[in-house]
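Enquirer: Based on what follows, work out the 3D shape:
(one chain, ligands or ions: 2)
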Amino acid sequence: MVIRVAIAGPRGKMGQNAVHTVMRDDKMELVAVFDYKNIAPNLAQYQEFDATYSVPVFSSIQTLFETVQADVFVDLTVPEAGFIHTKAALFAGVRSVVGTTGFTESQLQELRYLSESAGIGCIIAPNFSIGAVLMMKFAQMAASYFPDTEIIEMHHDGKLDAPSGTALKTAQMIKENRMAHRQGAEAERETLEGARGGDFDGMRIHSVRLPGLVAHQQVLFGGTGELLTIRHDSFDRNSFMTGLTLSIEKVLELNQFVYGLENIL
Ligand SMILES: NC(=O)C1=CN([C@@H]2O[C@H](COP(=O)(O)OP(=O)(O)OC[C@H]3O[C@@H](n4cnc5c(N)ncnc54)[C@H](OP(=O)(O)O)[C@@H]3O)[C@@H](O)[C@H]2O)C=CC1
Ligand SMILES: O=C(O)C1=N[C@H](C(=O)O)C[C@H](O)C1
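Expert: Ligands and ions are numbered 1, 2, ... in the order given. Here you go, the predicted structure:
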């Protein structure tokens, strides 16, 4: 069976990679893309692609789902829009794979409810890279032994959300194994606001944004006279494509909501 895929965000850095990945995969067919800007009716007319990319473009997500039969919807846009698109996909009965990050807890809960009450698979994966998922799992393991940890995530300066979805997911996974406590000195005070980073259950998350970076994260664990550093680097967005392909295939077997690629590997 060929998997019919629709992608939102085809001009974006991730969206372009995803379009190429689906087009080159003979088990998949790109049946439509969603672009909120009315650039051209067909992807073949986009400057980012060529004449071989004959795929209809929709600027209304509802019209896309009414017109085209898709098996899987992929969102790679921004959280406000990605939330609306994914709800529309689930209402239309289309399984979804969401790489977009920056959703609020209540948005995630609403998507979980919609997916599970309708029995339609939905994967929200803050990071599709296998190495990043391993980094998160190793950090979760280490937290049982080292309860004092800080996360430093580093991304390109075009990134809109901070902290990254990966950093938040890492902190949530660490929280499951870490004894909750506030880190640092009792009398600690910031003389420059934000110097100690964001506070997640007493551990700190620091976000670096610089040109030249792609997606990188270090999780530091401090112990008596020692430091453990777990680090992952994505040097290229192709690092996300294996997990994206896997998610598109796996979501077809799912009737529930999955948050994190580690749950389907
Ligand atoms: N899960 C994972 O492994 C990964 C997830 N990501 C996440 O994926 C998302 C996209 O990342 P990236 O490709 O780097 O970002 P880009 O900014 O390169 O792409 C985002 C795309 O979304 C479009 N867009 C903006 N606003 C809207 C809207 N209201 N409706 C529809 N489309 C819109 C943009 O169009 P325009 O530029 O014209 O506004 C752009 O084409 C981010 O949330 C990022 O954090 C990124 C990498 C890996
Ligand atoms: O915006 C990005 O680039 C990335 N976003 C995801 C995140 O927020 O964690 C995944 C990866 O870090 C790249």
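Enquirer: residue contacts, the closest residue to ligand 1 within the chain?
Expert: Ranking the residues of the chain by distance to ligand 1 (Cβ to the nearest ligand atom) places Gly12 first, at 2.2 Å. (C-beta placed from N, C-alpha, C; glycine too.) For Gly12, the set of contacting residues under the criterion of Cβ atoms under 8 Å, 6 or more residues apart in numbering consists of Leu76, Thr77.
Enquirer: and if we set it to 10 Å?
Expert: For Gly12, the set of contacting residues under the criterion of Cβ atoms under 10 Å, 6 or more residues apart in numbering consists of Ala18, Val19, Asp35, Glu48, Leu76, Thr77, Val78, Thr100, Gly158.
Enquirer: show me the contacts for the first one.
Expert: Read it as Ala18. 5, 7-10, 12, 30, 33, 74-76, 97, 99, 128, 237, 240-241, 244-245, 248.
Enquirer: does it sit in a helix, a strand or a coil?
Expert: Classification of Ala18 by DSSP: H, G, I helix; E, B strand; the rest coil places it in helix.
Enquirer: Could you do the one 3 residues further on as well?
Expert: Three-state secondary structure (criterion: three-state DSSP) places Thr21 in helix.
Enquirer: Report the secondary structure state of the most far-flung residue of the chain relative to its centre.
Expert: Ranking residues of the chain by C-alpha distance from their mean position (Cα atoms, centre = their mean) puts Ala187 at the top, at 36.7 Å. Look at Ala187: counting by three-state DSSP, its state is coil.
Enquirer: burial count for Arg182?
Expert: Number of residues near Arg182 (other Cβ atoms under 10 Å) recorded here: 11.
Enquirer: just the helices in the chain please.
Expert: Assignment of helices within the chain using DSSP state H yields the ranges 13-24, 61-67, 79-91, 105-118, 130-142, 165-175, 241-251.
Enquirer: Give me the angle between the first one and helix 241-251.
Expert: Note on geometry: by axes from the mean of the first three to the mean of the last three Cα atoms, to 10 degrees, helix 13-24 and helix 241-251 are set 70 degrees apart in direction.
Enquirer: hmm, helix 13-24 touching ligand 2?
Expert: No. Legend: contact between helix 13-24 and ligand 2 by Cβ under 6 Å from any ligand atom is lacking; minimum distance shown is 7.1 Å.
Enquirer: please begin residue numbering at 156 from this point
Expert: Taking 156 as the first residue, the last one we looked at is helix 168-179.
Enquirer: and that helix, how far from the chain's centre?
Expert: Taking the mean C-alpha point of helix 168-179 and that of its whole chain, the gap between them comes to 15 Å (Cα atoms, centre = their mean, to the nearest Å).
Enquirer: Could I have the CA atoms of it written out in CSV?
Expert: Once side chains and other backbone atoms are set aside, the C-alpha atoms of helix 168-179 remain, and they are given as CSV (Å, rounded to 0.1, in the frame of the first residue of the first chain):
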residue,chain,number,x,y,z
LYS,A,168,13.5,24.4,6.4
MET,A,169,11.9,21.2,7.7
GLY,A,170,9.0,21.3,5.2
GLN,A,171,11.3,21.3,2.2
ASN,A,172,13.3,18.3,3.5
ALA,A,173,10.0,16.5,4.3
VAL,A,174,8.7,17.1,0.8
HIS,A,175,11.9,15.7,-0.8
THR,A,176,11.8,12.7,1.6
VAL,A,177,8.2,11.8,0.8
MET,A,178,8.7,12.4,-3.0
ARG,A,179,11.7,10.1,-3.0
